[in-house]
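>>> sequence? don't have it. structure:
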Ligand SMILES: NC(=O)c1ccc[n+]([C@@H]2O[C@H](COP(=O)([O-])OP(=O)(O)OC[C@H]3O[C@@H](n4cnc5c(N)ncnc54)[C@H](O)[C@@H]3O)[C@@H](O)[C@H]2O)c1
Ligand SMILES: O=C(O)C(=O)C[C@@H](O)[C@H](O)[C@H](O)COP(=O)(O)O
Ligand SMILES: [Zn+2]
């Protein structure tokens, strides 16, 4: 088992990474949350049947375990599920020393983290990521749910006490989820790690390549994320760079209907769009044809012809980086070099129309 650390301003915590370590959940969790005698494990309907029992069995008898299962999928990041969870937490008699544990991907992590952040104004929680994408979502303390009017619009910063990443669980992921998770790795490389990006573009051109190198890549990617969070836990500055590709990405998820596009698929399209935007602004010289070919070789769906530029623009206006009605985009000017820039609506709209049109072709 390996250990990385996240040094956030108010707390620091370990990220344990290893094969089969879900069977050590009890030991690892209790070493961080000393004295916890109630643990509330939240999972989803795809993950629970595969891994929940191993996690429950790992606890000593004196710890009381409660479990709660939500439907698999983005639609569960909702007010309704959040309320059901809070009700179950109250009925279980959780107190301020109890620990919420998120066993699942980013949906379960964000939802469970938000429940923990708000129950009795905040109780400890532990992340147990089960997707590749959750190398990103389990680290950094962003928690929350969606609103029909906007993605991740209700939430809180609440750092976990530990992240327990049993990478053996990745083996049961469908290809779509490997692809989705890899997009956030690309993002970390584009924004902060030019040599990582160079390595990825040379070695990772199929989903099989992603699977083969997943563990080493996720460690490097988590390190990028942890370094950014250590500098700016509450996103007052550099943390916004982690939003590369997300302005359009979140709008696509919301406009298409939550769950139609996987988060990473939408972010991949959003990163390509942002590269075209920075070229258009004269800030970069991306070979966007080459970048697009890389995404297509990995199978990312870049066709969004069912969505209109108008509806995407409206959804993008809800982005948390929008201020006084003006878009602020995260732009990567060259590998590893990232800025934020205000862009006029007309520019965004014009480029969006051509982006939607060009999604059909390979140019
Ligand atoms: N908080 C953050 O910093 C942050 C960062 C990135 C993304 N996110 C959020 O994360 C969410 C996406 O997370 P995700 O991609 O993990 O989605 P997810 O949690 O929906 O998981 C994807 C799918 O894989 C299934 N699954 C999970 N683990 C599995 C396993 N080991 N074997 C088989 N099936 C498994 C799930 O049931 C689901 O159907 C989005 O809501 C996004 O906004 C949050
Ligand atoms: O941790 C961050 O900061 C990120 O922006 C990571 C993103 O990958 C993630 O999707 C996050 O949830 C987006 O945050 P939001 O504040 O734009 O909702
Ligand atoms: Zn993301």
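It's in. Since the structure is predicted, the reported quantities are computational estimates derived from the model, not experimental observations. Residues are numbered from 1 along each chain as shown. Ligands and ions are numbered 1, 2, ... in the order given.

>>> C-alpha only now, for contacts and for neighbours.
Will do.

>>> neighbours of the residue nearest to residue 264 when sequence neighbours are not counted, how many?
The shortest distance from residue 264 to any residue other than its chain neighbours is 3.9 Å, reached at residue 180 (Cα to Cα, 6 or more residues apart in numbering). Around residue 180 there are 22 other residues, counting by other Cα atoms under 10 Å.

>>> so who does residue 180 touch?
With contact taken as Cα atoms under 8 Å, 6 or more residues apart in numbering, residue 180 is in contact with 132-133, 262-265.

>>> and with 10 Å instead?
The contact partners of residue 180, taken as Cα atoms under 10 Å, 6 or more residues apart in numbering, are 131-133, 261-268, 300.

>>> kindly report the same for residue 267.
Residue 267 sits next to 180, 183-184, 186-187, 243-253, 261, 273, 300 when contact means Cα under 10 Å, 6+ apart.

>>> residue numbers of this structure in contact with ligand 2?
Applying Cα under 6 Å from any ligand atom, one finds that the chain approaches ligand 2 through 140, 142, 152, 239, 242-243.

>>> could the residues you listed go into CSV alongside distance to ligand 1 and secondary structure?
Listed next are those as CSV, based on distance: Cα to the nearest ligand atom, whole Å; DSSP: H, G, I helix; E, B strand; the rest coil:
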residue, distance to ligand 1, secondary structure
140, 6, coil
142, 4, strand
152, 7, strand
239, 11, helix
242, 9, helix
243, 9, helix
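
>>> need these in CSV with neighbour count and pLDDT, can you?
Converted to CSV, those look like this (neighbours: other Cα atoms under 10 Å; pLDDT from 0 to 100):
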residue, neighbour count, pLDDT
140, 25, 98
142, 20, 98
152, 20, 97
239, 18, 97
242, 21, 98
243, 24, 98
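
>>> out of the residues you listed, which comes closest to residue 200?
Sorting the residues of the chain next to ligand 2 by distance to residue 200 puts residue 242 at the head of the list, at 18.1 Å, by Cα to Cα.

>>> buried stuff in the lowest-mean-pLDDT helix or strand in the chain?
Scoring the helices and strands of the chain by mean pLDDT, DSSP states H and E places helix 345-358 at the bottom, with a mean of 93. The neighbour-count criterion (16 or more other Cα atoms under 10 Å) identifies 348, 351-352, 355-356 as the buried residues of helix 345-358.

>>> ok, now stretch 188-206?
Residues 188-194, 196-197, 200, 204-205 are the ones in stretch 188-206 that count as buried (16+ other Cα under 10 Å).

>>> looking at that stretch now, give me its mean pLDDT.
Stretch 188-206 shows a mean pLDDT of 98 in the predicted model.

>>> and what of stretch 304-315?
Per-residue pLDDT values over stretch 304-315 give a mean of 93.

>>> next, the distance between the ends of that stretch.
Stretch 304-315 has an end-to-end distance of 14 Å (criterion: Cα to Cα, to the nearest Å).

>>> and the contacts of it?
Residues outside stretch 304-315 that contact it (Cα under 10 Å, 6+ apart) are 149-151, 247-256, 261, 266, 269, 316, 327, 345, 348-360.

>>> would residue 153 count as being in a strand?
Yes - when classified by DSSP: H, G, I helix; E, B strand; the rest coil, residue 153 is found to be part of a strand.
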